[in-house]
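>>> Everything below, folded, please.
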Amino acid sequence: MRIGELAERAGTSARSLRYYEQHGLIQARRTTNGYREYDERDLRLVREIRSLLDIGFNLEDTRPFVECLRSGRASGAECPASIEVLSRKLADLDGCIARLQAARDLVRHELAQAMEERAVEEEER
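Alright, predicted model coming up:
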């Protein structure tokens, strides 16, 4: 398939595919007239890249998953390097959640305090 068809089937743009190619994540074969040509394996790689990007991984983080799929594994998450990236991402997310919960608790406390002060002011009137 050509780049336009791959882009459409993967739900991305030809520009993104060229970007992935520049970073060595996918490798197009060239026809005699210079067109990029891809197959179903490339579609699978691009879908893996897109799904990881969609949940917050950066482009470089997708590399171990792509390499794992290229090695013939059924899932890009089966290889040690992929598992390491997943573990690191989970720790990052846990840290973000903890910071958000702390911020939420602070806002909740400030709101409760403001509501109490407002109620006291209204009683004094």
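>>> And the helices in this structure?
3-10, 14-22, 40-54, 59-70, 80-124 (DSSP state H).
>>> For those, please prepare a markdown table with the additional fields mean pLDDT, distance to Arg29 and mean neighbour count.
Just so you know, the C-beta spots here come from the backbone N, C-alpha and C atoms, and that holds for glycine as well. Listed next are the helices of the chain as a markdown table, based on pLDDT from 0 to 100; distance: least, CB to CB, whole Å; neighbours: other CB atoms under 10 Å:
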| stretch | mean pLDDT | distance to Arg29 | mean neighbour count |
| --- | --- | --- | --- |
| helix 3-10 | 97 | 11 | 17 |
| helix 14-22 | 97 | 11 | 16 |
| helix 40-54 | 97 | 9 | 18 |
| helix 59-70 | 97 | 15 | 19 |
| helix 80-124 | 96 | 25 | 11 |
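>>> Spatially central residue for the chain, please.
Centroid-nearest residue in the chain, with CA atoms, centre = their mean: Leu53, separated by 2.4 Å.
>>> what's the spacing between it and Thr12?
Counting by CB to CB, to the nearest Å, the gap from Leu53 to Thr12 is 9 Å.
>>> can you check Leu52 too?
Distance from Leu52 to Thr12, counting by CB to CB: 13 Å.
>>> what's the closest non-adjacent residue to Leu25?
Val66 (5.2 Å; CB to CB, 6 or more residues apart in numbering).
>>> Out of the helices of the chain, which is closest to Thr31?
Minimum separation from Thr31 across the helices of the chain (CB to CB) falls at helix 3-10, 11.3 Å.
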